[in-house]
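Peer 1: build me a model:
(chains A and B)
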There are 2 protein chains.
Amino acid sequence: MMSTKELTPSATASVFTPEQLLRHWQGHRGLTRKMIEAFPEDKLFTHSIGGMRPFSDLVYEILGMAAPCLQGIATEKWQKWADAAKVNTKAELLALWDEATAQINEIFPTIPTQRFQEQTVAFGQWPGTCISILFYAIDNEIHHRGQAYVYLRSLGIEPPAFWDRP
Amino acid sequence: MMSTKELTPSATASVFTPEQLLRHWQGHRGLTRKMIEAFPEDKLFTHSIGGMRPFSDLVYEILGMAAPCLQGIATEKWQKWADAAKVNTKAELLALWDEATAQINEIFPTIPTQRFQEQTVAFGQWPGTCISILFYAIDNEIHHRGQAYVYLRSLGIEPPAFWDRP
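Peer 2: Reported below is the predicted structural model:
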């Protein structure tokens, strides 16, 4: 038998609250950080399969999308689309990652819930609702990190578990 | 200057509506279907890198999670966790895929919005909110499909564009 709660339409019902969305994203970002750590220093910047970009290049793309995308959603001021600046060591890449993590935590609470359903033009180029733009960034990270799992396996290295999100 | 709309807290504000979530998921599923189609028939069931499962096995996992997961969320009756039954041809795999697509479209609208925030125990094993379970399934699909992109590239085949979701 269904509960009364299930039969009553709720005006405040939400599939995802903004706080849950932030935690979900940062959980994924924590796993991606573990993937960066799991790579041998040289392979992070060089290892490739089938002509694809090394994981470092994929991380530059993810970083170029993450905080800048959220900043655009928060302010409607979009910078020009670009990958993050290149670095030379794993430590520098992790530092860039942690900087973005802090920026995301700072910007996210400034976004009113209804903003996620508003239209924007991401980086002045890609139109869509703010939530669709943000999910594009999150999904793109999962997609490229999945590719890095194959890179690690091809090097004989066990990747961190997919479900283990900090 | 901010609009009045942005200054007024809205009780009905939602990060994602159920309809958007379904469209988002089916968009991803449409892309995964294109990936199945892009594989040469034999490679779909055999090609592997670094000891990983061939794409067909990843698809069995995705299928075992998708409609059964939604069914559990909709009814709170969870079946035992299992991959989808194995098949022998790409056509049969695509038929399984299309069957799941129809099931998802049928089940999804029966789920009340507030249900997504309720706790459940997925497949009797994994506790969490319904929305977290569903996103686990969606993210797991993106993750494994990303791996299949590397498989295709290693075979010299150009995969469908990540952004091209039907």
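Peer 1: what pLDDT is listed against the residue lying closest to A:S14 once chain neighbours are set aside?
Peer 2: Residue nearest to A:S14 in three dimensions, not counting chain neighbours: B:S14, with 4.7 Å by C-beta to C-beta, 6 or more residues apart in numbering or on different chains. In short, each C-beta sits where N, CA and C put it, glycine included. pLDDT for B:S14: 81.
Peer 1: spatially speaking, which residue is in the middle of chain A?
Peer 2: The residue lying closest to the centre of chain A (C-alpha atoms, centre = their mean) is A:I138, at 3.9 Å.
Peer 1: tell me who's in contact with it.
Peer 2: The contact partners of A:I138, by C-beta atoms under 8 Å, 6 or more residues apart in numbering or on different chains, come to A:24-25, A:28.
Peer 1: with A:L96 instead?
Peer 2: A:L96 sits in contact with A:63, A:84-85, A:87, where contact means C-beta under 8 Å, 6+ apart.
Peer 1: that one: what secondary structure?
Peer 2: helix (DSSP: H, G, I helix; E, B strand; the rest coil).
Peer 1: again with A:D164
Peer 2: Strictly by three-state DSSP, A:D164 counts as coil.
Peer 1: picking that back up, how close does the residue nearest to the centre of chain A sit to A:A38?
Peer 2: Counting by C-beta to C-beta, to the nearest Å, the separation of A:I138 from A:A38 is 21 Å.
Peer 1: any idea of the mean pLDDT in the strand or helix carrying A:A66?
Peer 2: Using DSSP states H and E, A:A66 falls within helix A:55-75. Mean per-residue pLDDT for helix A:55-75: 98.
Peer 1: and stretch A:29-40, by the same measure?
Peer 2: On average, stretch A:29-40 scores 98.
Peer 1: can you count the residues close to A:M52?
Peer 2: 18 (other C-beta atoms under 10 Å in any protein chain shown).
Peer 1: residue contacts, it?
Peer 2: A:147, B:150, B:153.
Peer 1: may I ask which of the residues you listed has the most neighbours?
Peer 2: B:V150 (25 neighbours).
Peer 1: which residues touch the residue nearest to A:L31 when sequence neighbours are not counted?
Peer 2: Leaving aside its sequence neighbours, A:L31 sits nearest to A:R165 (C-beta to C-beta, 6+ apart; 5.0 Å). By C-beta under 8 Å, 6+ apart, the contact list for A:R165 reads A:27-28, A:30-31.
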